[in-house]
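Student: The following block contains a protein sequence and its predicted model.
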Amino acid sequence: MPSDLRARLAAAAAQLTTDGHDEHAASVKAVLAPGGWRKLTAEPGTAATTRNLPVSVPEKLRARLYAAAENTDASLGPLATEGFRALAEGRWEPPVPVRATRGSLSGERRVNMNLNIEVEAREAVEKLLDGLTKKFGRKVTLAHVALSWLREELGVDDD
């Protein structure tokens, strides 16, 4: 059964308050507030350190990825950022992109999955895309890199 991260953080904030750590409790509560997670994406006084990468995927795949991430207490954006770093550092390479056969996706609803990728890692991978495209003979995109890593790390396949 997946854990409820929000409930655990609320309990941690309550315990911090009980133990007299009001400043720390306030920080946890700030993140739990609506939109509070955005406070984690930028340093005070600087531009945001992440940038959205919208990825068009079948609705069922998005649901499976979110469920797998929840089961491991992972967030898809930071997890995808790890994959970008691994590729940029030469520790991992995505599989060759495979083109879907004509008509194989008809009737399957596609939706956007928004991933907040760290700018530095994203820019490093952007510089590698042309080389990977030439190497594989198929266009390699940021979305392909992100999805390949997420599927591999979370054990989500095509079924």
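Tutor: Cool, the structure landed. Residues are numbered from 1 along each chain as shown.

Student: next helix or strand past the helix-or-strand element of the chain with minimal mean pLDDT?
Tutor: Sorting the helices and strands of the chain by mean pLDDT, DSSP states H and E puts helix 22-32 at the bottom, at a mean of 85. Per DSSP states H and E, helix 22-32 leads on to strand 50-58 as the next helix or strand towards the C-terminus.

Student: show me the contacts for the spatially closest residue to residue 129 that is not a sequence neighbour.
Tutor: Computed as CB to CB, 6 or more residues apart in numbering, the closest residue to residue 129 that is not its neighbour in sequence is residue 140, at 5.4 Å. (C-beta placed from N, C-alpha, C; glycine too.) Residue 140 makes contact with 94, 97, 129, 132, 133, according to CB atoms under 8 Å, 6 or more residues apart in numbering.

Student: nearest to residue 73, of these?
Tutor: residue 94 (24.6 Å; CB to CB).

Student: mind checking how far that closest one is from residue 36?
Tutor: Residue 94 sits 33 Å away from residue 36, taking CB to CB, to the nearest Å as the criterion.

Student: Neighbour count: these two, which is higher?
Tutor: Neighbours per residue, other CB atoms under 10 Å: of residue 94 and residue 36, the larger number sits with residue 94, 21 against 13.

Student: from what I can see the more buried one touches residue 143, true?
Tutor: No - using CB atoms under 8 Å as the test, residue 94 is too far from residue 143 to be in contact (10.6 Å).

Student: can you pull the buried residues of the least confident helix or strand of the chain?
Tutor: Going by neighbour count (16 or more other CB atoms under 10 Å), the buried part of helix 22-32 is 25, 28, 29, 32.

Student: Quick one: distance of that helix to the chain centre.
Tutor: A distance of 24 Å separates the centroid of the chain from that of helix 22-32, by CA atoms, centre = their mean, to the nearest Å.

Student: list the helices and strands it packs on?
Tutor: Helix 22-32 is packed against helix 5-18, with contacts defined by 3 or more CB pairs under 8 Å, 6 or more residues apart in numbering; DSSP states H and E.

Student: Give me the buried positions along the helix it packs on.
Tutor: Quick answer for helix 5-18 (16+ other CB under 10 Å): 13, 16.
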